[in-house]
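S.K.: Make a model of this:
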Amino acid sequence: MTAGVMGLVSAGAAVGAVARYRVGRFVTQRVTSDFPWGTWVINVLGTLLLGIFYQELDVLHADASAWALLGTGFCGAFTTFSTMSVEAIALFRRRPSMCIAYVGSSLLVGMALAWITQWV
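M.R.: Next comes the predicted model:
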């Protein structure tokens, strides 16, 4: 990875991390609920943005610099759920059963590890 690409990823990640914090605070300050609306909004919005960026920057225009900035950097810091969702759709198109295994195992293993950390 070149220094220029690393700079783009870093810049996008810095903005994405701040955006995650601000969006999360904005939502949680306005909604009183046990449901984690802040994270839910971030994950859904991040998925939408990554899907748009993927289609526009990777599929249609092959703009590696913009993809590094917006896809890998911004969306990578904003949410990783968006990456899993876009990858799952791409995998579903090729191998539906593997997509189900990927999504199911990601959720189950992630939840199991989160649960285990509460007892360690």
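S.K.: does Asp34 sit in a helix, a strand or a coil?
M.R.: Judged by DSSP: H, G, I helix; E, B strand; the rest coil, the three-state class of Asp34 is coil.
S.K.: Quickly find the element holding Phe53.
M.R.: Using DSSP states H and E, Phe53 maps to helix 37-53.
S.K.: Any chance you could list what contacts that helix?
M.R.: 20, 23-28, 31, 66-67, 70-71, 74-75, 78-79, 81-83, 85-86, 89 (CB atoms under 8 Å, 6 or more residues apart in numbering). Yep, even glycine has a C-beta here, placed from its N, CA and C like the rest.
S.K.: Inside helices: which ones of these?
M.R.: Under the assignment DSSP state H, these contribute 20, 23-28, 66, 78, 81-83, 85-86, 89 to helices.
S.K.: and those, which two are the farthest apart?
M.R.: By the measure CB to CB, Thr28 and Ala66 form the most distant pair in these, at 30.9 Å.
S.K.: most surrounded residue in the ones in helices among the contacts of helix 37-53?
M.R.: Phe78 (27 neighbours; other CB atoms under 10 Å).
S.K.: and that one, what does it touch?
M.R.: Phe78 neighbours (CB under 8 Å, 6+ apart): 16-17, 19-20, 42, 45-46, 49.
S.K.: what comes into contact with stretch 86-102?
M.R.: 47, 50-51, 54, 84, 103.
S.K.: Which member of those is positioned nearest Thr117?
M.R.: Nearest to Thr117 out of the contacts of stretch 86-102 is Met84 (CB to CB; 19.6 Å).
S.K.: hang on, that closest one packs against Val103?
M.R.: Yes - between Met84 and Val103 there is a contact under CB atoms under 8 Å: 7.4 Å.
S.K.: Could you report the neighbour count for Ser10?
M.R.: A count of nearby residues for Ser10, using other CB under 10 Å, gives 14.
S.K.: for Val103, that is, sorry about that
M.R.: With other CB under 10 Å as criterion, Val103 counts 16.
S.K.: so what's it closest to, chain neighbours aside?
M.R.: Spatial nearest neighbour of Val103, chain neighbours left out: Ala88 (5.2 Å); criterion: CB to CB, 6 or more residues apart in numbering.
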